[in-house]
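**Student:** Provided below for reference: sequence and predicted model.
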Amino acid sequence: MQSIARKHILQIKPYIPGKPIEEVEREMGLKSVIKLASNENPYGPSPKVLKAMVQAAKTVNRYPDGSCYYLRQELARRLKVSENQLIFGNGSDELIVLATRAFSDYGDEVIIARPSFLIYEIASKVSGATIKFVPLKDFRYDIEGIKNAITPKTKIIFIGNPDNPSGSYITKAQAEDLLKSIRQKILVFFDEAYFEFVDKDDYPDTIKLMKTYKNVITTRTFSKMYGLAGLRVGYGIGDAQVISLLERVREPFNINSVAQAAALACLKDKAYYEKLLRTIKAQRKYVYANLKKMGLSFVESVTNFILIDVRQNSFNVSQALLKKGVIVRDMGFWGLDTYIRVTVGKPQENQRFIRALKEIMK
Ligand SMILES: *Cc1c(COP(=O)(O)O)cnc(C)c1O
């Protein structure tokens with residue numbers, strides 16, 4: 001069947017996700033495996049969110065509300081945007097796919113940093129576009145490099161902000177500089193999956209920027225800080241015209257009804273999520289302090305994950321950690337042969353990771 005597949009599909013390597021806990025336990029014959037590989041929130045949903053999910057589960061014989069009415073209203077109010085400036089996705093991943101589906105075509109170019117989030121690359125390749133990679137500089141976006149990579153064929157620039165796997169961010173000044181210097185007929189896609197973790201004064205307010213720059217779209221998700229990764233719900237904010245273009249290529253019932261109810265309940269349970277956020281930030285400090293004690297360098301992160309230089313083959317280190325029941329992400333696939341990416345977990349999980357890493361590094 002290869003000969004009848006769309007040609008450019010053959011060049012795509014399927015995305016390899018972090019291994020699920022059960023799979024590792026099965027394969028390694030281990031119990032109590034911990035996963036620090038996919039930047040998930042280690043804590044489950046709050047009691048209020050669970051209650052909303054149970055309630056919504058009672059009506060799953062019906063199709064979900066294709067417009068996400070209540071969630072849309074609530075977010076529009078909180079973000080101070082109009083309802084037609086919002087679009088929802090089956091995870092924010094889907095919004096990346098919708099953007100490439102609506103904007104990039106054969107012969108077009110898309111600009112992506114390297115290393116960065118793999119979905120940008122996969123979705124762009126599916127659309128048939130050519131990718132221009134711009135290497136990070138000191139694990140930060142190279143804005144001049146991005147400007148220089150622009151050609152008349154450029155359709156989309158993907159900016160992970162904060163980025164994955166580096167954990168770094170582009171500043172307000174950098175975002176404004178980029179938007180000012182490029183033509184307004186390039187979609188600038190700010191992926192803010194880790195938005196809720198960022199506490200930097202110079203982080204850009206992209207919702208404000210899109211008032212001036214209609215070519216900006218911003219996406220956020222309930223998968224990371226809000227801990228609903230398994231339910232798949234993300235959203236995009238943009239100028240109404242940009243959003244209406246994405247709406248044309250969206251499937252009608254892409255957000256299931258349990259996910260809609262859970263996301264809405266999350267927004268209303270501020271106290272629970274603020275507490276989790278404080279815990280995770282304190283734990284990030286704990287991991288930093290221990291890495292420093294071990295003499296290991298890492299990239300300062302504004303997210304819930306840390307990119308660590310283990311100064312030896314990262315595949316071997318992550319395999320050794322796996323044998324000790326700790327799943328982390330080997331960054332070899334991203335071209336970072338001595339790096340692992342580790343999600344900040346619960347206190348006991350982080351202690352176990354540090355202990356295991358110490359044993360391996362000895
Ligand atoms: C996790 C992640 C996402 C989105 O995840 P969804 O679960 O699809 O919302 C998007 N971008 C980056 C950079 C991520 O790390």
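**Tutor:** That came in fine, so what should we check first? What you see is a predicted model, and the numbers here were worked out from it, not measured in a lab.

**Student:** find the closest residue to the ligand in this protein.
**Tutor:** Using Cβ to the nearest ligand atom, the closest approach of the chain to the ligand is made by Gly91 at 2.5 Å. The way it works is simple: take the backbone N, C-alpha and C, and place the C-beta from them, glycine included.

**Student:** could you check how far that residue is from Ile217?
**Tutor:** 16 Å (Cβ to Cβ, to the nearest Å).

**Student:** ok, those two, which is more surrounded?
**Tutor:** A direct count of neighbours by other Cβ atoms under 10 Å for Gly91 and Ile217 places Ile217 higher, at 27 against 23.

**Student:** ok, the closest residue in space to the residue of the chain closest to the ligand that isn't next to it in sequence - how many residues close by?
**Tutor:** Counting by Cβ to Cβ, 6 or more residues apart in numbering, Gly91 lies nearest to Arg232, which is 4.3 Å off, once chain neighbours are set aside. Using other Cβ under 10 Å, Arg232 is surrounded by 19 other residues.

**Student:** now the residue of the chain closest to the ligand: how far from Leu228?
**Tutor:** 9 Å.

**Student:** with Lys137 instead?
**Tutor:** Going from Lys137 to Leu228 by Cβ to Cβ gives 34 Å.

**Student:** neighbour-wise, which of those two wins?
**Tutor:** Leu228 (26 against 12).

**Student:** got phi/psi on Ala123?
**Tutor:** For Ala123, the backbone dihedrals (degrees, to the nearest 10) come out as phi -60, psi -40.

**Student:** and Glu251, how far from Ala229?
**Tutor:** Taken as Cβ to Cβ, the span from Glu251 to Ala229 is 20 Å.

**Student:** neighbour-wise, which of the two wins?
**Tutor:** Ala229 (16 against 10).

**Student:** what's around the nearest residue to that one once chain neighbours are set aside, how many residues?
**Tutor:** Leaving aside its chain neighbours, Ala229 sits nearest to Ser223 (4.0 Å; criterion: Cβ to Cβ, 6+ apart). Burial of Ser223 is recorded as 22 neighbouring residues (other Cβ under 10 Å).

**Student:** so for stretch 126-144, mean pLDDT?
**Tutor:** The average pLDDT for stretch 126-144 rounds to 97.

**Student:** again with stretch 192-206
**Tutor:** Mean pLDDT, stretch 192-206: 98.

**Student:** mind checking how far that stretch is from the chain centre?
**Tutor:** 13 Å (Cα atoms, centre = their mean, to the nearest Å).

**Student:** is it positioned near the ligand?
**Tutor:** Yes: part of stretch 192-206 sits near the ligand under the criterion Cβ under 6 Å from any ligand atom, namely Ala193.

**Student:** what comes up buried for that stretch?
**Tutor:** Buried residues in stretch 192-206, counted by 16 or more other Cβ atoms under 10 Å: Glu192, Ala193, Tyr194, Phe195, Glu196, Phe197, Tyr203, Pro204, Thr206.

**Student:** out of everything not next to it in sequence, what's closest to the fifth one?
**Tutor:** With Cβ to Cβ, 6+ apart as the measure, Met225 is the residue that lies nearest to Glu196, at 3.7 Å, once sequence neighbours are left out.

**Student:** which bits of the stretch 51-200 of the chain sit near the ligand?
**Tutor:** Gly91, Ser92, Asp93, Phe117, Gly160, Asn164, Asp191, Ala193.

**Student:** count the neighbours of the second one for me.
**Tutor:** As a burial measure, Ser92 scores 24 neighbours (other Cβ under 10 Å).

**Student:** what's near enough to touch it?
**Tutor:** Asp191, Ala193, Thr219, Arg220, Thr221, Ser223, Gly234, Tyr235, Gly236 (Cβ atoms under 8 Å, 6 or more residues apart in numbering).

**Student:** assign Lys155 to helix, strand or coil.
**Tutor:** strand (DSSP: H, G, I helix; E, B strand; the rest coil).

**Student:** which residues touch it?
**Tutor:** Phe103, Ser104, Asp105, Asp108, Glu109, Val110, Ala129, Ile186, Leu187.

**Student:** what does Lys324 give?
**Tutor:** With contact set as Cβ under 8 Å, 6+ apart, Lys324 has these partners: Ala356, Glu359, Ile360.

**Student:** pull the number of nearby residues for the residue nearest to Val258 when sequence neighbours are not counted.
**Tutor:** Computed as Cβ to Cβ, 6+ apart, the closest residue to Val258 that is not its neighbour in sequence is Ala56, at 4.7 Å. Neighbourhood size, Ala56 [other Cβ under 10 Å]: 19.

**Student:** how about Ala56, phi and psi?
**Tutor:** Per degrees, to the nearest 10, the backbone of Ala56 is at phi -70, psi -30.

**Student:** break the protein down into its domains, please.
**Tutor:** 2-44+271-361, 47-267 (automatic domain parsing).

**Student:** least confident of those domains, on average?
**Tutor:** Between those, the lowest average pLDDT goes to domain 2-44+271-361, which shows a mean of 94.

**Student:** give the contact list for Tyr43.
**Tutor:** By Cβ under 8 Å, 6+ apart, the neighbours of Tyr43 are Gly227, Leu276, Thr279, Lys346.

**Student:** ok, now with 7 Å
**Tutor:** Neighbouring residues of Tyr43 by Cβ atoms under 7 Å, 6 or more residues apart in numbering: Gly227, Leu276.

**Student:** what of Thr151?
**Tutor:** The contact partners of Thr151, by Cβ under 7 Å, 6+ apart, come to Glu109.

**Student:** rerun that using 6 Å as the cut-off
**Tutor:** Thr151 makes contact with no residue, according to Cβ atoms under 6 Å, 6 or more residues apart in numbering.
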